[in-house]
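[1] Fold the following.
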Amino acid sequence: MARPEHRGDKPAKEWYNSRIVATSKKTRKTPARTRRPARAGKNSSQAEKLQLGLKRRLLSPAFLTITGIFVGVLIIIFLVTLWFVKVYADPEHVFWATIKNNLTTQSITKDSLRSTGSSSNEEFVQMQFTPELLVHDVKKLTNGSGASASKLTLDTIGTSTTDYQRYSHIERPGSKKTQKDYQKIYEMWIKNGGQEGTSGQIVANSIFGAALYGNFNTHTRQNIYSELQKAYKVDFATVNKHGDAKRRTYVYHVAIPLKQYALAAHDYAQALGLSLAAQINPNNYRPTDQLDVVFTVDVLSRQLKKVDYPRQGFTENYSGQGLAANISLPTKTVSGVTFQKAINSLNQ
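    Just a heads-up that it's a prediction; the model follows:
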């Protein structure tokens, strides 16, 4: 359509304005309808109410406090686990903690079994260090097998100077004697084997081994521990680990140079007040003299569970560490002559 030639005329001006208005109406768009923001109210949908309720709960002080506590607990668990794996359960740390723990115990029990052919010697030893040094040793000797086996149980209670012994069980195949016949001799305790002027041996025979136990003061304990640190040669890189995360054991192969070990044994015997200390001399051993053993240690309790002596062919099992021993000395003894008469009567 042609525009009027006279722009200054009124009709032309009105025509121009009308064209602008028409074009503006065509290009103007109706604004898009937007959803009103979610807000609490009776007109809100159920989903909007749930969304707002959840936001309020998540941002509430109580929820933030609980979340902080939960995160803190997770961090503590992680740090404790890391400490247990890297420090507490470290094989080297466990071993030396066990050796030191052995020197701060009131009592310990060990048992062993040695067999040769049809003969066996099963031994149970209970050692008490507090309030005084006492040892209760039970030896079960068996000779033969099956119904033809003879059995003898020797019961010994000892101090650092005196042994008290008795027979607590006797079985002799083919004998007409019954347990009632033996009851009289079961009640007889003899002192130091019935020999006058002799001293006890059971303490010295029981307390010395690859592992040393006792209940010493701080200074004495540290001195013996330091000597044992020099005496135990352990390859911690080859430690065998058994069990699970709840209860695990470590198995250590330990070489013990006897010359160095004798230094610790001497101080140990001296601390216990044993006259045997004067007889322990490191110079009696060559530099090459060595004892090879295997220690099995409970990681959690730091307690020695077993010592294997591969070359000697026997094992010592340890239990009851720190438990009350309750060892009592006999109140009545008989002479060696009286005891021998009772034995002879059983042979008749």
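
[2] Let me know the pLDDT of the nearest residue to T162 once chain neighbours are set aside.
    Leaving out its chain neighbours, the residue that sits closest to T162 by Cβ to Cβ, 6 or more residues apart in numbering is G200, at 4.6 Å. From N, CA and C alone the C-beta is placed, and that goes for glycine too. G200 is assigned 87 on the pLDDT scale.

[3] do I75 as well
    Predicted confidence (pLDDT) for I75: 60.

[4] measure the spatially most central residue of the chain to T105 for me?
    Residue closest to the average C-alpha location in the chain (Cα atoms, centre = their mean): S301, at 2.5 Å. Distance of S301 to T105, given as Cβ to Cβ, to the nearest Å: 11 Å.

[5] so is K180 in a helix, a strand, or just coil?
    helix (DSSP: H, G, I helix; E, B strand; the rest coil).

[6] how about the helices in the chain?
    Here the chain has its helices, by DSSP state H, at 10-27, 46-58, 61-83, 91-102, 179-186, 202-207, 218-231, 258-271, 336-346.

[7] Check the ones you listed for me: which has the lowest mean pLDDT.
    Ranked on mean pLDDT, the bottom entry among the helices of the chain is helix 10-27, at a mean of 54.

[8] Hmm, the residue nearest to T162 is touching D163, no?
    Yes. Contact status for G200 versus D163: in contact at 3.7 Å, counting by Cβ atoms under 8 Å.

[9] Can you work out which residues contact both of those two?
    Contact criterion Cβ atoms under 8 Å, 6 or more residues apart in numbering; residues shared by G200 and D163: N192.

[10] that older thread, any idea of the pLDDT on the residue nearest to the centre of the chain?
    Among the per-residue scores, S301 shows a pLDDT of 93.

[11] So it versus P91, what's the distance?
    From S301 to P91 the distance is 15 Å (Cβ to Cβ).

[12] Next: T249.
    Relative to P91, and taking Cβ to Cβ, T249 is found at 11 Å.

[13] Need the residues touching each of those two.
    Common contacts of T249 and P91 (Cβ under 8 Å, 6+ apart): K241.

[14] Need the per-residue pLDDT for G193.
    86.

[15] residue contacts, it?
    D163, Q165, G336.

[16] Export those to JSON lines and append columns for neighbour count and distance to S150.
    Converted to JSON lines, the contacts of G193 look like this (neighbours: other Cβ atoms under 10 Å; distance: Cβ to Cβ, whole Å):
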{"residue": "D163", "neighbour count": "22", "distance to S150": "24"}
{"residue": "Q165", "neighbour count": "23", "distance to S150": "19"}
{"residue": "G336", "neighbour count": "15", "distance to S150": "23"}
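
[17] can you list contacts of stretch 225-245?
    By Cβ under 8 Å, 6+ apart, stretch 225-245 touches 91-92, 95-96, 99-100, 103, 212, 248-257, 260-261, 263-264, 267, 299.
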